[in-house]
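Chemist: Provided below are the primary sequence and the corresponding predicted coordinates.
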Amino acid sequence: MHLSFVFVNLLLCVMSVSCVQPKRIADQMYVSFDRARSCVRRLNGTHEIGCQSSTSGNSGRMYMIDNDQEFNSYITDTKLIDSYRSFIVALNVNLFTASYVDKLMTSLGSKLNGLLLYLKSSSSRPDYFSQDDQSPNHRYSYYLNQTQVVNWNPQGTGLFFRSFPFPMMFIDEQEDYERLVKFYRQFNISQSTPTCGLELNTFQNAAHTSKTCMRRNGISHSFIDSAETMCDPVGGRNIYSKLPQSLTIAPKVRQPKSVILILAATDSFQMFLKAKGTTGGAQQPATALIIFLSLAHLIGQEQNEFNQQDKEIIFVTLDGDALDYSASFKFLFDMKNGNFPTGNRNEDPIRSEHIHSIIEFQSLSLTDKLSLYAYPSALVNQTFIDTLKQNNPMIVSAMPDSPLPPASSQIFLRETSSSSFPAYILTSNHENELSNHYYHSFFDDPSTLAINISSLEYNSTTEFSQWVKRVVEPFAQTLIELFVGLTMNVTIKQEIINNLVYCVLKNINCPLIHNVTNQTTGNGFDPFNETSLPFSINTDPISSTVTFPFVQNILSYLLRDRMLDTMNLTEKACEQLSKNDTFRSYTYVGGYTPSIMSDAFFSGYCVRSYSRSVSSMSPAFVIDNYDLSQTTYPVWTESRWSTISLRLFIIPTRKHEIVTLVVGILLLLTSFIVCLILRYYTKISLLQPSSS
Amino acid sequence: MVSLARKSPEERLTICRKYYLGGFAFLPLLWLINFIWFFRQAFKVEPYPQQAEIRKYVIRSAIGTVIWCIIIIAWNIIFQQLRTRMGPVGDYLTFVVPRGYY
């Protein structure tokens, strides 16, 4: 009785001590870096690209390499390399090129267990950082075959498309770098002191090729387990919109060469991404998207002129072209099957013979000169080019039939054998080199457009937004001259461009989107407050990509039927209108004042618009019984993963490890002896040998 | 625990025969148990009338066990080596589909 009382007291004391410190001892051993970016696994029809770690993470002794000298001394230090089983190399981002990575992989072999890149500070970012190929979107056969291969991205390392057997992560926050360096310097004195170790966990579910992975997606053994998804097909939404008055409804028949398509992209990729981080994409595709939306506003503004013509201008955004033009293939696939436009069957489908020309905005940067590419020269309207150059002296036209830059138009031409319509591409490059130093990387942020993002306000006029105005107005003017026949000056309010720049590059939860969406059921953009429009690889099923509702709502609003701006309608009246119309959409919104031309302002407006959003997954995933190893269409998929973590810990010296082991064994023996003694020499009933 | 010493010889024969016949229902372990359990009865104990039949069953159980062992080991090796080369069949036969590697 007395002894059990003692035991209970002891138990309570131990519990109270352990409960005071809520952290587990295991957690106190590690220092976590939660804001690190990581490289993930993606697959296509024949290869896997990206990085993979083991299930419980890859760990190793950390070794920091800051410059070329340290790199060379590390590679040649065979004594150091032999003394540890595995290394995680922390590499300065300036050394992240194919040659350094290859040298590291050959000299360390399987001892290289991971790569951690670091950026010392935001001002020390490298001048060029692009992991795409030197000739982007040219690695596989999905491009327009023009015999000359041009290196549009000469500083591209091509590392994005290689497969690494170890994880790679990137620390881009200055505080994280300083913490890392502090620990490294503290512990990395010599061989006899404890050293830093890193553990990178980026375990990816997918493996081998898209075909294998998609097959494994659905395997489940009924009640024993449930199917686990390993990978998702790459694809988002292709959105298209036009002036709602221009419809070709049966029995009216569409005229040949009566449709003009204006294209822009809504996606990009980056080798290193993180859950709540910037995705880059400022120069491509944000700049093109902002110009695209501003042009839509101008077309919408001058809709009275355009509606009298029998030509339609359709604005199309494509999502998924960064990887082998999957979205363009899907768009043309839909067109071939009579599914463009989707919706009411009474609207005459558009086929390649109905297309007059396509105009694309691609890879634009804040440059003094813009290049205009046109192909094929046999179908190109030279008047259009001349008028464009006359209206905007910034535009320089490329030589006829010169090789096109990486652009969705390549696929539009390829799939129609370059014989149906011409393509015009407006891009920023200089002597066949894209002006974008950070092509397809997360460093492609607004600072490359001379925008100070921290001080950017909703209505700030920046050099960039003024540049956009100087590009868009002459362009709209040219379109009007050519398709309506009128020479008129069109202007767009600077405020509208400023607002678009703010919303796209800084905060999508901005007043503009509130004014053009129906807010009665709540604001769908609240969860994305203070985030910029994400430009990364989207997968299907789309989880929470806010890009598509954002683009679709703004685009359809800017092209709306402006006659309804003059009518004071209630939400009920708007619903009534929508009941009789199956071609167009009706929403009741607060109204975006800068784009409203009439003098009367109401509390709410009924918006009549035309827009469609279709899946932009490659046709390979849509066609029945399509063998995913065929190369007719690209088949990119992205792996799924659960946790991504980066942790730092201390590797003790050999002596320390041995002492720990010996103490542990002694403790084990002691506890056995203590138990034996208690069993035979005391009367505690718990410990007595059982009698039964 | 069933102790064979306490059973009559006829009962021992019945048990042995039941185990032998039961093993044909794709139960090689029954044959293995039969072999191990009745080995002493079949070969080490002084002869009694039913011992000849018990011996017959024990030997056949042993042969059956060996055949099954060969089949199982062969299939194990084939599956492990050719799982990735069998195409879709390999994946559908896999009970726990591997994550992260082919």
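Modeler: All right, it came through fine. None of the values given here were measured: they were computed from a predicted structure.

Chemist: so the closest residue to residue A:585 other than its chain neighbours is in which element?
Modeler: Leaving aside its sequence neighbours, residue A:585 sits nearest to residue A:609 (CB to CB, 6 or more residues apart in numbering or on different chains; 5.6 Å). For glycine as for every other residue, the C-beta is placed from the backbone atoms N, C-alpha and C. Using DSSP states H and E, residue A:609 falls within strand A:605-615.

Chemist: mind listing the helices in chain B by residue range?
Modeler: Along chain B, counting by DSSP state H, helices occupy B:9-22, B:28-39, B:51-82, B:88-93.

Chemist: Next, find the distance separating the residue nearest to residue A:585 from chain B.
Modeler: 45 Å (CB to the nearest CB, to the nearest Å).

Chemist: Contacts only, for that residue.
Modeler: By CB atoms under 8 Å, 6 or more residues apart in numbering or on different chains, residue A:609 lies in contact with A:241, A:244, A:556-557, A:559-561, A:584-587.

Chemist: Among these, name the ones in strands.
Modeler: A:241, A:585-587 (DSSP state E).

Chemist: Taking these, tell me the two that lie furthest apart.
Modeler: Spatial extent of these (CB to CB) is set by the pair A:241 and A:586 at 14.3 Å.

Chemist: who has more neighbours, those two?
Modeler: Per other CB atoms under 10 Å in any protein chain shown, whichever of residue A:241 and residue A:586 has more neighbours is residue A:241, with 27 against 23.

Chemist: bridging residues for the more buried one?
Modeler: residue A:315, residue A:611 (DSSP bridges).

Chemist: is it true that it touches residue A:555?
Modeler: Yes: if you go by CB atoms under 8 Å, residue A:241 and residue A:555 touch, sitting 4.7 Å apart.

Chemist: Return stretch A:515-535 as PDB; C-alpha atoms alone will do.
Modeler: Only the C-alpha atoms of stretch A:515-535 are listed here, as PDB (Å, rounded to 0.1, in the frame of the first residue of the first chain):
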ATOM      1  CA  ASN A 515     -16.800  45.100 -59.300                       C
ATOM      2  CA  VAL A 516     -17.100  42.600 -62.100                       C
ATOM      3  CA  THR A 517     -18.300  39.500 -60.200                       C
ATOM      4  CA  ASN A 518     -21.500  38.800 -58.400                       C
ATOM      5  CA  GLN A 519     -20.800  39.500 -54.700                       C
ATOM      6  CA  THR A 520     -24.200  38.600 -53.300                       C
ATOM      7  CA  THR A 521     -23.100  35.100 -52.300                       C
ATOM      8  CA  GLY A 522     -19.800  36.200 -50.900                       C
ATOM      9  CA  ASN A 523     -16.400  37.000 -52.300                       C
ATOM     10  CA  GLY A 524     -14.700  34.000 -53.800                       C
ATOM     11  CA  PHE A 525     -11.400  35.700 -53.900                       C
ATOM     12  CA  ASP A 526     -11.000  36.300 -50.200                       C
ATOM     13  CA  PRO A 527      -8.800  33.300 -49.600                       C
ATOM     14  CA  PHE A 528      -6.400  34.700 -52.100                       C
ATOM     15  CA  ASN A 529      -5.900  38.100 -50.500                       C
ATOM     16  CA  GLU A 530      -2.500  39.600 -51.100                       C
ATOM     17  CA  THR A 531      -1.500  37.000 -53.600                       C
ATOM     18  CA  SER A 532      -0.600  37.700 -57.200                       C
ATOM     19  CA  LEU A 533      -2.100  35.700 -60.100                       C
ATOM     20  CA  PRO A 534      -0.400  32.300 -60.000                       C
ATOM     21  CA  PHE A 535       1.300  31.200 -63.200                       C
END
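
Chemist: Pull the distance from that stretch to the chain's centre.
Modeler: 18 Å (CA atoms, centre = their mean, to the nearest Å).

Chemist: Residues contacting it, please?
Modeler: With CB under 8 Å, 6+ apart, stretch A:515-535 has contacts from A:266-268, A:276, A:278-281, A:285-286, A:289, A:503-509, A:513-514, A:544-547, A:549-550, A:553-554, A:557, A:571, A:587-593, A:607.

Chemist: What is the distance between the helix or strand that contains residue A:179 and the centre of its chain?
Modeler: Following DSSP H and E, the helix or strand that holds residue A:179 is helix A:174-187. Here the centre of helix A:174-187 is set off from its chain's centre by 29 Å, with CA atoms, centre = their mean.

Chemist: for stretch A:642-657, same thing?
Modeler: 32 Å.

Chemist: so how far does that stretch reach from one end to the other?
Modeler: Taking CA to CA, to the nearest Å, stretch A:642-657 runs 32 Å from one end to the other.

Chemist: got it, and stretch A:533-551?
Modeler: 10 Å.

Chemist: picking up where we left off before, which of the helices of chain B sits closest to residue A:120?
Modeler: helix B:88-93 (46.3 Å).

Chemist: tell me what that closest one is packed against?
Modeler: Contact here means 3 or more CB pairs under 8 Å, 6 or more residues apart in numbering or on different chains; DSSP states H and E; on that basis helix B:88-93 packs against helix A:210-217, helix B:51-82.

Chemist: Next one: the residue nearest to residue A:585 from residue A:558, what distance?
Modeler: Distance, residue A:609 to residue A:558, using CB to CB, to the nearest Å: 9 Å.

Chemist: quick revisit: PyMOL command for the buried members of the contacts of stretch A:515-535?
Modeler: A single PyMOL command selects the buried members of those (16 or more other CB atoms under 10 Å in any protein chain shown):
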select buried, chain A and resi 266+267+268+278+279+280+281+285+286+289+503+504+505+506+507+508+509+513+545+546+547+549+550+553+554+557+587+588+589+590+591+592+607
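
Chemist: now, which of the contacts of stretch A:515-535 lie close to chain B?
Modeler: Among the contacts of stretch A:515-535, proximity to chain B is found for none (CB under 8 Å from any CB of the partner chain).

Chemist: mind listing what the closest residue to chain A within chain B touches?
Modeler: Using CB to the nearest CB, the single residue of chain B nearest to chain A is residue B:102, 4.1 Å away. Applying CB under 8 Å, 6+ apart to residue B:102 gives the contacts A:207-208, A:212, B:84.

Chemist: can you check residue A:216 too?
Modeler: Applying CB under 8 Å, 6+ apart, we find residue A:216 in contact with A:230, B:91, B:97.

Chemist: Close to chain A: what parts of chain B are there?
Modeler: Residues of chain B lying near chain A by CB under 8 Å from any CB: B:88, B:91-92, B:94-102.

Chemist: do you know how far residue A:435 is from residue A:398?
Modeler: Remark: distance between residue A:435 and residue A:398 (CB to CB) = 14 Å.

Chemist: Give me the distance between the residue most central in space within chain B and residue A:52.
Modeler: For chain B, residue B:28 is the residue whose C-alpha lies nearest the centre (CA atoms, centre = their mean; 2.3 Å). According to CB to CB, residue B:28 stands 40 Å off from residue A:52.

Chemist: which residues touch whatever residue of the stretch 551-692 of chain A ends up closest to chain B?
Modeler: Here the residue of the stretch 551-692 of chain A nearest chain B is residue A:639; by CB to the nearest CB that distance is 8.5 Å. Residues near residue A:639 by CB under 8 Å, 6+ apart: A:40-43, A:50, A:204-206, A:213, A:230-231.

Chemist: quick one: which of those is most hemmed in?
Modeler: residue A:206 (31 neighbours).

Chemist: Surely that one and residue A:213 touch.
Modeler: Yes: under the criterion of CB under 8 Å, residue A:206 makes contact with residue A:213 at 4.6 Å.

Chemist: show me where the stretch 551-692 of chain A has strands.
Modeler: Along the stretch 551-692 of chain A, counting by DSSP state E, counting those that start in this stretch, strands occupy A:585-589, A:605-615, A:637-639, A:645-651.

Chemist: quick one: the longest one to strand A:585-589, angle?
Modeler: Spelled out, it's strand A:605-615. 130 degrees (axes from the mean of the first three to the mean of the last three CA atoms, to 10 degrees).
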